[in-house]
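> what's the 3D shape of this:
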Amino acid sequence: MKPNTNYTQPEPELELIKASEITPTEVEWLWYPYIPFGKVTILEGDPGDGKSKLLLALSAILTKGAPLPFVNEEEVHEPMTVIYQTTEDAADDTVVPRFIASNGDRNNLIFISEDKKHLTFGDSRLAQAIKQTGAKLLILDPLSSYIGEDCSLNAANEMRTQFNHLIETAREEHCAVVVVHHMNKNATTPLNRTNGSVDIAGAARSILAVTRTPNKANPQERIMVQVKSNLAPTGSAILFEVAEQGVDFIDEVEMTADEAFSAIAPKMGRPSEKSDAATDFILSLLRGGKLPATECEQQLKAAGFKKSTIKKAKRNAGVSSVKEGFTWYWTLEDNVPEQPIFTADDDLPFE
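Numbers count the residues shown, from 1 in each chain. Here you go, the predicted structure:
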């Protein structure tokens, strides 16, 4: 007897969920506002612009529990495990030597063997590896190697299906996922330079891009900009230098993605009136002594300053973060010059 080939799976029963039955939660961040936990982030750029070196440098920092570039002391994570998958560089002669040069903890950098079968976005081994190691960051480099052989980069329905697997893994395991991607050559906006289907850009909650700067005196200088940010205000641009074995972080700068990728980029590190105003505000706040960090941030945000501006102003003001019990405080170093005291009636430069 021939088997019944007309059998179809029964339709799932309708299940409705009220909004009142859902408990709201806040987005948590690996690196605010660039890389969220439980979401997919894309890091893109042209070949040779330092994407992989940047991610290895960040991985080294995370594996030893050191501060990520330009973050407050309160945002430092405990040492964490990073899963790093790449088909473009060999682990023994490129990835690990670069990681060692960045002073990472080798016990916290993990590779999933692909000797018997290549990984894809929908491979169950990704979730298994995250569970088994407790990894908080998964890196897949590049996207084209992990979408599967039967998936076309330009087919929206195929790309969305593949990304849905990865999005579900990131959410269920509360793991940050970063996918490295090459840009196309279109001379349009950075968002339109995301290679392949528009669903690639649509699936990511954050898109970061790396490009060279116009500094001819230093051809190794790069800048990372945030092209897309669905979960927070767009972050400052990060200026860094690609060294022989790793990355040297230089500064946060006021620059948009469009400016960074334009033919004539603006001069780096131009003065910021907003940052200067936030610095003065902080000095005024702390003139009478230390204050809880949350109180300082709340007052600055109420005055119209963004978090990225607050972070830079905090460094410019010479503020130190100290922890007493379970509370973080901001405090100034000795001999801070006298600053005018702001009042509620003063005009402040809102962003």
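> Can you get me a residue count around Pro292?
Close neighbours of Pro292, defined as other CB atoms under 10 Å, add up to 13. C-betas here are computed from N, CA, C, even on glycine.
> That one and Thr161: what is the separation?
Distance of Pro292 to Thr161, given as CB to CB, to the nearest Å: 47 Å.
> Which residue is the nearest non-sequential neighbour of Phe305?
Leaving aside its chain neighbours, Phe305 sits nearest to Ala278 (4.7 Å; criterion: CB to CB, 6 or more residues apart in numbering).
> Over to Thr87?
Leaving aside its chain neighbours, Thr87 sits nearest to Ser145 (4.1 Å; criterion: CB to CB, 6+ apart).
> How many residues are close by that neighbour?
Ser145 has 17 neighbours, counted by other CB under 10 Å.
> ok, it touching Thr120?
No: applying CB atoms under 8 Å, one finds Ser145 not in contact with Thr120, separated by 9.1 Å.
> mind checking how far the helix-or-strand element of the chain with minimal mean pLDDT is from the chain centre?
One helix or strand of the chain scores below all others by mean pLDDT, DSSP states H and E: helix 307-316, with a mean of 80. Put simply, helix 307-316 sits 18 Å off its chain's centre (CA atoms, centre = their mean, to the nearest Å).
> Stretch 202-211 too?
Distance of stretch 202-211 from its chain centroid, counting by CA atoms, centre = their mean, is 9 Å.
> ok, now stretch 306-325?
20 Å.
> try stretch 34-47
6 Å.
> same deal with stretch 34-53?
7 Å.
> Quote the end-to-end distance of it.
17 Å (CA to CA, to the nearest Å).
> Also stretch 108-120?
With CA to CA, one end of stretch 108-120 sits 22 Å from the other.
> Over to stretch 28-35?
9 Å.
> before we move on, back to that, for the following helix or strand past the least confident helix or strand of the chain, list the C-alpha coordinates in CSV.
The helix or strand immediately downstream of helix 307-316 is strand 319-324, counting by DSSP states H and E. Coordinates of each C-alpha in strand 319-324 appear next as CSV, following Å, rounded to 0.1, in the frame of the first residue of the first chain:
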residue,chain,number,x,y,z
VAL,A,319,34.3,63.2,36.8
SER,A,320,35.2,59.9,38.6
SER,A,321,32.6,57.2,39.4
VAL,A,322,32.9,55.6,42.9
LYS,A,323,30.8,52.9,44.3
GLU,A,324,29.6,52.9,47.9
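> Determine the angle, from 0 to 180 degrees, between the next helix or strand along the chain from strand 319-324 and strand 319-324.
For strand 319-324, the following helix or strand on the C-terminal side (DSSP H and E) is strand 327-332. Using axes from the mean of the first three to the mean of the last three CA atoms, to 10 degrees, the inter-axis angle of strand 327-332 relative to strand 319-324 is 150 degrees.
> So what touches strand 327-332?
Residues lying outside strand 327-332 but in contact with it, judged by CB atoms under 8 Å, 6 or more residues apart in numbering, are 73-74, 282-283, 285-287, 289-294, 296, 314, 317-323.
> List buried residues within these.
Ile282, Leu283, Leu285, Leu286, Lys290, Ala293, Cys296, Lys314, Ala317, Gly318, Val319, Ser321 (16 or more other CB atoms under 10 Å).
> how about the strands of the stretch 201-350 of the chain, start to end?
Along the stretch 201-350 of the chain, counting by DSSP state E, counting those that start in this stretch, strands occupy 206-212, 221-229, 237-242, 247-253, 291-292, 319-324, 327-332.
> Who are the packing partners of the longest one?
Read it as strand 221-229. strand 206-212, strand 237-242, helix 257-261 (3 or more CB pairs under 8 Å, 6 or more residues apart in numbering; DSSP states H and E).
> now the fourth one
Taking 3+ CB pairs under 8 Å, 6+ apart as the contact definition, the neighbouring helices and strands of strand 247-253 are helix 51-63, strand 237-242, helix 307-316.
> Of the ones you listed, which is nearest Asp258?
strand 237-242 (11.3 Å; CB to CB).
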